[in-house]
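A.B. asks: here you go, sequence then predicted model.
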2 protein chains.
Amino acid sequence: MYAPLLAHIARYVTLTAAEADLLIGYLRRQPVARKELLLAQGQVCPANYFVLRGCLRTYLTTEKGTEQTIQFGIEGWWLTDYASLDSRRASEFFIQAVEDTEVVVFDQQVQEEVFGRLPQLERYFRLILQRAVAASQFRVKLMFSLSGEQRYHHFNALFPEFVQRVPQYMLASYLGFTPEFLSKIRARVG
Amino acid sequence: MYAPLLAHIARYVTLTAAEADLLIGYLRRQPVARKELLLAQGQVCPANYFVLRGCLRTYLTTEKGTEQTIQFGIEGWWLTDYASLDSRRASEFFIQAVEDTEVVVFDQQVQEEVFGRLPQLERYFRLILQRAVAASQFRVKLMFSLSGEQRYHHFNALFPEFVQRVPQYMLASYLGFTPEFLSKIRARVG
DNA sequence: AGCGTTTCTTGAACTAGATTAAGTTTTCCC
DNA sequence: GGGAAAACTTAATCTAGTTCAAGAAACGCT
């Protein structure tokens, strides 16, 4: 049930069976239906979410009423709005399931108690946050170095299955251009 | 000497005087002349850098030979290439002083020993990395929501002194457009 | 102080991607 | 299974920002 999360944690820090049981006592699993929101704009972000199965995305709505996808999270990823989680201020983002999904919910309200009782998790989150910052720097690099078309081909080469899995309009906005432009890119290739 | 760093740490975690002394034993201060590099492309990133005074930037060179600024770090900020620091692989980035600067160097080689002896620093870095991820999400949001000109005005409103402090070509590339375009924006306003 | 280098400005021409509208295809739900 | 909604495609037109070249201003070093 929680095995993928515990396996993920085990890649970074060691938890004894007793500690794993203690942790699980603070978490809960939640199915999230396709298109269901875990966070809506204006809400305070209640938790950090680990994807067991499926896919989440963080997005916001633009002045023009379109959706701008900021981030995806598939199996093995944590997703949240850290600014809102931390500051307890209303989020400007939505977190939504792209497909039927199952997550582990790490409620903000138990966070401090969990870190107090299992301080190795401070290290676990430090390490995954380092990865997240590195990923973010890499993404900024790509945004600035590659044209829209190059970004699509690069992403498609790295994650071809994922590209098939998500709606084209979400992928386009994540990569920084319009769905019409993505149709043109695809038409050019074949 | 190390007071700004210790003050920064004290905002997040508690260190006793003895622990502070222990930490300082692992760090070193380094002056960095304007334009001097702390990291060059192709090197493995050796350390995490805390800015005591001055300003650092992370940049990379484009196919066209121009410099694309990815990030600035002023007083009170940590700057590194986390991907290279972590994986020990060659970095694609440069880290450079924008002006005469003074940093605290937290060498990668002592990192594990420091975390072992001062585990509160796991928490400290987790908390600042959460802030870094939040800042990154916010930046992506601005990149997608605002035009180039709007991004300049927004940034200038938030950091007017900083805007005066750095060369215009660095600011332009950080904000995602050319120096010529920034000149045009400025000409339009006044 | 002067000269060379670097940074900034300006304008014309260009282009990557946006916008808009209309139509097609696919998906979903009753 | 069929109809409505959502997703995708296509093409014409537009635009935010780029490129290029040339010149001006500021800076740094001797």
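C.D. replies: Structure's in. What do you need? Keep in mind that this is a model prediction, so the values were computed, not measured.
A.B. asks: what about the nearest residue to residue A:13 once chain neighbours are set aside, neighbour count?
C.D. replies: Nearest residue to residue A:13, sequence neighbours excluded (C-beta to C-beta, 6 or more residues apart in numbering or on different chains): residue A:120, at 4.2 Å. (Each C-beta comes from the backbone N, C-alpha and C, glycine too.) Applying other C-beta atoms under 10 Å in any protein chain shown, we find 18 residues neighbouring residue A:120.
A.B. asks: in chain A, where's the longest helix?
C.D. replies: helix A:120-145 (DSSP state H).
A.B. asks: let me see the mean pLDDT of that one.
C.D. replies: Helix A:120-145 carries an average pLDDT of 95.
A.B. asks: what about the helix or strand following that helix, near DNA strand D?
C.D. replies: Using DSSP states H and E, the helix or strand that follows helix A:120-145 towards the C-terminus is helix A:148-158. No - judged by C-beta under 7 Å from any atom of the strand, helix A:148-158 stays clear of DNA strand D, getting no closer than 11.4 Å.
A.B. asks: residue A:174 belongs to a helix?
C.D. replies: Yes - counting by DSSP: H, G, I helix; E, B strand; the rest coil, residue A:174 is part of a helix.
A.B. asks: that one reaches residue A:67, doesn't it?
C.D. replies: No - under the criterion of C-beta atoms under 8 Å, residue A:174 is not in contact with residue A:67, lying 10.2 Å apart.
A.B. asks: could you pull out the strands for chain A?
C.D. replies: Assigned by DSSP state E, chain A shows strands spanning A:28-32, A:37-39, A:47-53, A:55-61, A:67-74, A:78-79, A:94-97, A:101-107.
A.B. asks: between these, which one is closest to DNA strand C.
C.D. replies: Minimum separation from DNA strand C across the strands of chain A (C-beta to the nearest atom of the strand) falls at strand A:67-74, 10.4 Å.
A.B. asks: just want the angle from that closest one to strand A:101-107.
C.D. replies: 90 degrees (axes from the mean of the first three to the mean of the last three C-alpha atoms, to 10 degrees).
A.B. asks: so which bits of chain A are right by DNA strand D?
C.D. replies: Counting by C-beta under 7 Å from any atom of the strand, the residues of chain A near DNA strand D are A:167-169, A:179-180, A:182-184, A:186-187.
A.B. asks: coming back round to it: compare residue A:174 and residue A:67 (neighbour count), which wins?
C.D. replies: The residue with more neighbours, out of residue A:174 and residue A:67, is residue A:174; 22 against 15, by other C-beta under 10 Å.
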